[in-house]
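**Q** Structure for the following, please:
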Amino acid sequence: MDMAKSKIAQWISGLLTDTPAQEIMAMLEYPKEESLGDLSLPCFKLSKKLRKSPMQIATELKEALEAKAEGDEFIDRIEAVSGYLNLFLKQSYLAGNVVLTILNAGERYGSRDIGAGKTIVIDFSSPNIAKPFHVGHLRSTVIGNALYRIHSFLGYQSIGVNHLGDWGTQFGKLIVAYRLWGDEARLEEGAIDELLGLYVKFHKEAEHDPGLEDEARACFLKMEQGDEEVLALWQRFVDISLAEFQKIYDLLGVEFDYFTGESFYNDKMEPVIQELKDKQLLEEDEGAWLVRLDQYNMAPALMLKKDGSTLYHTRDVTAALYRKQTYSFDKALYVTDYAQNLHFAQLFKVVGLMGYDWAEDEMIHVPFGRVTLEGMSLSTRKGNVVKLEEVLEQTIEKVKEIIEVKNPQLQNKDEVARQVGVGAVIFNDLSANRIKDIVFSWDDALSFEGETGPYAQYCYARTCSVLRKAAGDQLAGKAIVDALLLAEQFDPAKLQHPTEIAILKELALFPERTVQAAAKLEPSIVTRYLIDLAQAFNRFYHDCPILVEDERLRTARLALVKCVQITLKNGFNLIGLQAPEEM
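**A** Residues are numbered from 1 along each chain as shown. Prediction:
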């Protein structure tokens, strides 16, 4: 489809004045109704430039293009309707081009080299040390992981950074709480749950004893000054937390190139503070130091507290400069909830004011909606958390129960249950536009009906089943592809049924959807596509017998099944889903 779209855009561009092919490409649409063609050009935007009515433009383009397309292999007919130029492709061209392109590309189908030579740093997940990994952390983790995979697929060098929340006054609070109420035996047994309990207790007690807050600030200052006893306790809490987090990352299939939390920048902040002073950006205010941003309609960015300790801004400015110097990135993404919009606007402005003009174009906040628990905000201070590990474990158990009822003879039941259960949670999170708020519901997260991850995975397993039957359970997948690639065996003219044509059109869209997901930083474009493709395949599966007597028709339909299998798996890989071959 890309080839046809590009050629049509070049043709139209050659017929118009000062309208480059790339502009035409952006204007071309895929009509939802089959009667309106395979590609359509709305001529309304061209009307003012050409000083003609949209219908006149469409009619003139139709006549000119028909002359160009005469005898061409891919244009069937052209229509001008209500200001739209509608183009119909020859179905044999569509079938041959799409199927052979996918079979030849295999696991690289949909990939691009648009990011070749470019580096993108993605800061995602970033849970806080000494606090449970709850469902609120899932969004940054799976959105960031999907963006990492999508950009890698498009040729970028992706660098994933887990900027752990492992520094700050909250650790002063935790250490004070542990010294007052901690118990070694409970810590050994309860690990991160015990740390959460101490953190919650601190805030409850501090409501009646404000002096605890002063103790916590003093304790954190000791951390920054290198107090060995305090740092030893802090390191223990970090180690306990990382062990817990890794269990979640292993389940989700998420990896990072670097775990460089806030503490990593502790010995790198002093030169940055000095640079801010040298550039006369720092201003003292009642003992604290800040960067004024009034003229940009923002609150000041506080860089140092009165006691000299650092804050988020101090560490984030330092991290931005370090990453630019170390990785020479072209883009730096920060995947956090939208409540941090102001923080990142301040951060980017401070870096820009320091004279780094790349800040405005290359540093990008990727905000997402927040998670609430049945309408109640999740808060570790109050203990309102649903641990992600519990969600994943319960989902896996539910899948096991379904397998025992529907397919008790299934091999590798535990592994399939893990793949489907975890996939259900990931897909549930990524299926909505990332900026939308989510009310976490057990029923929604554990649902296996409708437009869900398990639905798409079941469709993939069905393609595997069809291909196994076709091969007599003897030929490997590669052998099937090798056979289908023989031009004399694959007859694209055999694919004429409306559901076959619908699949071909859907398959052709995958490369564009991948590029769109990267451009808009929106993984839900991929999840929506996967559902559309799965639904198109299921309609075809029910309407068109595949293993028919007509050998050429059987081969053509098997080729279509193989293309769906390849494309679904490639799409799963982009969002972090596994592809079980049996369910």
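**Q** At the geometric centre of the chain, which residue do we find?
**A** With distances taken as CA atoms, centre = their mean, A146 lies nearest the centre of the chain, 3.0 Å away.
**Q** list the buried ones in stretch 90-109?
**A** 90-103, 109 (16 or more other CB atoms under 10 Å). C-beta: built from backbone N, CA, C; applies to glycine.
**Q** ugh, wrong one, I meant stretch 32-42
**A** L36, G37, D38, L39, S40, L41, P42.
**Q** M298 versus the residue lying closest to the second one once chain neighbours are set aside, what's the distance?
**A** Counting by CB to CB, 6 or more residues apart in numbering, G37 lies nearest to N86, which is 3.5 Å off, once chain neighbours are set aside. For N86, the distance to M298 equals 49 Å [CB to CB, to the nearest Å].
**Q** who's more crowded, these two?
**A** Shown here are N86 and M298; by other CB atoms under 10 Å, N86 has more neighbours (22 against 15).
**Q** Can you verify my assumption that the more buried one contacts E79?
**A** Yes: using CB atoms under 8 Å, N86 is in contact with E79, at 4.5 Å.
**Q** what do these two both touch?
**A** G37 (CB atoms under 8 Å, 6 or more residues apart in numbering).
**Q** ok so, going back, identify the farthest-apart pair in the buried residues of stretch 90-109.
**A** K90 and Y109 (21.9 Å; CB to CB).
**Q** and the closest residue to Y455 other than its chain neighbours, what helix or strand is that in?
**A** Nearest residue to Y455, sequence neighbours excluded (CB to CB, 6+ apart): A534, at 6.3 Å. Element membership of A534, judged by DSSP states H and E, is helix 524-543.
**Q** quick one, domains of this structure?
**A** Taking automatic domain parsing as the reference, the chain has its domains at 2-89, 124-266+316-377, 388-575.
**Q** what residues are up against K52?
**A** Counting by CB under 8 Å, 6+ apart, K52 has contacts L46, E60.
**Q** For it, grab phi and psi.
**A** phi -140, psi 160 (degrees, to the nearest 10).
**Q** C43 versus that one, what's the distance?
**A** Distance from K52 to C43, by CB to CB: 9 Å.
**Q** same check, this time on L100
**A** 33 Å.
**Q** Look at Q56 and say how many residues are nearby.
**A** Residues near Q56, counting by other CB under 10 Å: 15.
**Q** That one is in what secondary structure piece?
**A** helix 54-69.
**Q** now that helix, how far from the centre of its chain.
**A** Helix 54-69 sits 41 Å away from the centroid of its parent chain (CA atoms, centre = their mean, to the nearest Å).
**Q** Next: stretch 185-192.
**A** The answer for stretch 185-192 is 35 Å, by CA atoms, centre = their mean.
**Q** oh, and call the first residue 202 from now on, that's how I've got it
**A** With the count now opening at 202, the last piece we talked about shows up as stretch 386-393.
**Q** quick one: contacts of it?
**A** In contact with stretch 386-393 (CB under 8 Å, 6+ apart) are residues A331, K332, P333, Y379, E395, L396, G398, I441, S442, A444, E445.
**Q** Go through the helix or strand hosting L381 and flag the buried ones.
**A** Using DSSP H and E, L381 falls within helix 370-382. Residues T370, Q371, F372, G373, K374, L375, I376, V377, A378, Y379 are the ones in helix 370-382 that count as buried (16+ other CB under 10 Å).
**Q** Specify which member of those residues is nearest to V343.
**A** Q371 (24.9 Å).
**Q** I'd say that closest one and N329 touch.
**A** Yes: assessed by CB under 8 Å, Q371 is found in contact with N329 at 7.3 Å.
**Q** quick one on the thing from earlier: identify those among the buried residues of stretch 291-310 that sit within helices.
**A** 292-304 (DSSP state H).
**Q** picking that back up, just the C-alpha atoms of the helix holding A735, please, in PDB.
**A** C-alpha atoms of helix 725-744 as PDB (Å, rounded to 0.1, in the frame of the first residue of the first chain):
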ATOM      1  CA  SER A 725      -2.800   2.700  21.900                       C
ATOM      2  CA  ILE A 726      -2.600   3.100  18.100                       C
ATOM      3  CA  VAL A 727      -0.900  -0.300  18.000                       C
ATOM      4  CA  THR A 728      -3.400  -1.900  20.400                       C
ATOM      5  CA  ARG A 729      -6.300  -0.600  18.300                       C
ATOM      6  CA  TYR A 730      -4.700  -1.900  15.200                       C
ATOM      7  CA  LEU A 731      -4.200  -5.300  16.700                       C
ATOM      8  CA  ILE A 732      -7.900  -5.600  17.600                       C
ATOM      9  CA  ASP A 733      -8.900  -4.400  14.100                       C
ATOM     10  CA  LEU A 734      -6.700  -7.000  12.500                       C
ATOM     11  CA  ALA A 735      -7.900  -9.800  14.800                       C
ATOM     12  CA  GLN A 736     -11.500  -8.900  14.100                       C
ATOM     13  CA  ALA A 737     -10.900  -8.900  10.400                       C
ATOM     14  CA  PHE A 738      -9.200 -12.300  10.600                       C
ATOM     15  CA  ASN A 739     -12.000 -13.800  12.600                       C
ATOM     16  CA  ARG A 740     -14.600 -12.600  10.100                       C
ATOM     17  CA  PHE A 741     -12.500 -14.200   7.300                       C
ATOM     18  CA  TYR A 742     -12.000 -17.400   9.300                       C
ATOM     19  CA  HIS A 743     -15.800 -17.900   9.700                       C
ATOM     20  CA  ASP A 744     -16.700 -16.800   6.100                       C
END
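**Q** Tell me the confidence at the residue lying closest to Y310 once chain neighbours are set aside?
**A** Nearest residue to Y310 in three dimensions, chain neighbours excluded: I303, at 4.8 Å (CB to CB, 6+ apart). On the pLDDT scale, I303 is placed at 94.
**Q** returning to that earlier point: who are the packing partners of the helix holding L381?
**A** Contact here means 3 or more CB pairs under 8 Å, 6 or more residues apart in numbering; DSSP states H and E; on that basis helix 370-382 packs against helix 393-407, helix 412-425, helix 429-453.
**Q** Send over the shortest one as CSV, restricted to the C-alpha atoms.
**A** Looking back up the chat, that one is helix 412-425. Extracted C-alpha coordinates of helix 412-425, given in CSV (Å, rounded to 0.1, in the frame of the first residue of the first chain):
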residue,chain,number,x,y,z
GLY,A,412,9.2,17.6,65.1
LEU,A,413,9.5,14.3,63.2
GLU,A,414,9.6,16.3,60.0
ASP,A,415,12.6,18.2,61.3
GLU,A,416,14.3,15.0,62.2
ALA,A,417,13.7,13.6,58.7
ARG,A,418,15.1,16.6,57.0
ALA,A,419,18.2,16.5,59.2
CYS,A,420,18.6,12.8,58.5
PHE,A,421,18.4,13.4,54.7
LEU,A,422,21.1,16.1,55.0
LYS,A,423,23.3,13.6,56.7
MET,A,424,22.7,11.3,53.7
GLU,A,425,23.9,14.0,51.3
